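A.B. asks: Output the structure for:
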Amino acid sequence: MENRPRAKKRDFLEETKAMLREAHAARDLLLSHTVKAIFEVNRASNLLYETLTEWYAVYFPELRVAEPPTFAKLVQLINREDLQASDLAPIIGEQKARELESKAKTSIGAKLSTADLAEMTKLAHKLEDLYAYRTSLEEYQASLANEIAPNLSLLAGPELAAKLIAHAGSLRKLAMMPASTLQVLGAEKALFKHLKKGTNPPKHGLIFQHASISMSPKHMRGKIARALSTKLVICARADAFTHNPIGAKLKEQFEARFKAVQDAPVKPAPVRPPISSRPAGSSGPSGPTGSPRPGGNSGFSRRPGMGRMNERRV
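C.D. replies: The predicted structure follows:
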């Protein structure tokens, strides 16, 4: 009789452990951690790139490149005292290499020792490795998203699909959301500000990263976001429950709706008449037809007997 409670407790613990193992083995959990890792790598690489540009400007301030990975490569190759355009041409092109070669001869940067330049080169090398690691993470994220949610990845793209799943917590949670919630997923601050202070409600959240929304005019984004969120929810439910390959069909339907929104005529905004063409006295408080409100101090003469009526009331 004394061993029964212990046996029940042991069975309960084993069942709990099995459930935890199953939860930890979920592939969408790995996808969420991958999205978070890419975010942290991007933040770290941006900080290191900013540090490297400010640091290297002491030695060669004329070096200006738009792409951070290219800048990290150039820092490792450039020696200002012996700069050859032929060494840089495969990376930035012949014309840009010649410009840097001429700028190196008249640079206003300080002369640094070999040890000082070696530390900058080490940072540039680490930064280049970080960019390479980010690329590999993005490839892994795309493969996971295509494996877990093929329909959602086909319609939204692997990157956006991964971010939606990570923000929702899991693919199942995303599939249980209504389309209106998915539409503003990621714009919670703007939504709560609208509910609290009465500001304009957000039209889209994470799905703004979809090219059909971000590349469209502002007056079309609301309709496109509603159409896209509806199709995305259907894709998520298919990936989570039925596993039917319906992504291609839903993508065609969304593209047709997107084209219809683009081709729809734009309603002209209402134009108010200029002040000079308005009837006299319309600038004061008035009713819907422009007539003064009863009792309003609009500059119009009062009706006969109005003063006596007010005196009687007082």
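
A.B. asks: Chain neighbours aside, what residue packs nearest to residue 134?
C.D. replies: Take residue 134 and drop its neighbours on the chain: the residue closest to it by CB to CB, 6 or more residues apart in numbering is residue 41, 4.8 Å away. Where you see a C-beta, it was placed from the backbone N, CA and C, and this is true even at glycine.

A.B. asks: so who does that neighbour touch?
C.D. replies: Shown in contact with residue 41 (CB atoms under 8 Å, 6 or more residues apart in numbering): 130, 133, 134, 137.

A.B. asks: quick one: the third one and residue 45 touch, right?
C.D. replies: Think residue 134. Yes - Residue 134 is within contact range of residue 45, at 6.6 Å (criterion: CB atoms under 8 Å).

A.B. asks: Show me which of those two is the more surrounded one.
C.D. replies: Neighbour count, other CB atoms under 10 Å: between residue 134 and residue 45, residue 45 has more, with 20 against 17.

A.B. asks: What are the structural domain limits within this protein?
C.D. replies: 25-142, 149-263 (automatic domain parsing).

A.B. asks: Now the terminal residues of the last one, how far apart.
C.D. replies: Across domain 149-263, the straight-line distance between its terminal residues is 31 Å, by CA to CA, to the nearest Å.

A.B. asks: How confident is the prediction for residue 16, by pLDDT?
C.D. replies: On pLDDT, residue 16 comes in at 67.

A.B. asks: should've said residue 5
C.D. replies: For residue 5, the model assigns a pLDDT of 76.

A.B. asks: and it, which of the three is it?
C.D. replies: Look at residue 5: counting by DSSP: H, G, I helix; E, B strand; the rest coil, its state is helix.

A.B. asks: Distance from the strand or helix carrying residue 222 to the middle of the chain?
C.D. replies: Using DSSP states H and E, residue 222 sits in helix 218-237. Counting by CA atoms, centre = their mean, to the nearest Å, helix 218-237 is centred 15 Å from the centre of its parent chain.

A.B. asks: just checking, what packs against that helix?
C.D. replies: Counting contacts by 3 or more CB pairs under 8 Å, 6 or more residues apart in numbering; DSSP states H and E, helix 218-237 is packed against helix 150-156, helix 171-175, helix 179-183, helix 211-214, helix 247-263.

A.B. asks: Swap in 10 Å and give it another go.
C.D. replies: Helices and strands touching helix 218-237, by 3 or more CB pairs under 10 Å, 6 or more residues apart in numbering; DSSP states H and E, are helix 150-156, helix 158-168, helix 171-175, helix 179-183, helix 211-214, helix 247-263.

A.B. asks: If you count neighbours, what's buried in the fourth one?
C.D. replies: Yep, that's helix 179-183 we're talking about. Under the neighbour-count criterion of 16 or more other CB atoms under 10 Å, helix 179-183 has 179, 182, 183 buried.

A.B. asks: what residues are up against the first one?
C.D. replies: Shown in contact with residue 179 (CB atoms under 10 Å, 6 or more residues apart in numbering): 225, 226, 227, 228, 229, 230, 231, 232, 233, 234.

A.B. asks: mind checking which of the helices and strands packed on helix 218-237 is nearest residue 72?
C.D. replies: When these are compared by CB to CB, helix 158-168 sits nearest residue 72, at 23.3 Å.
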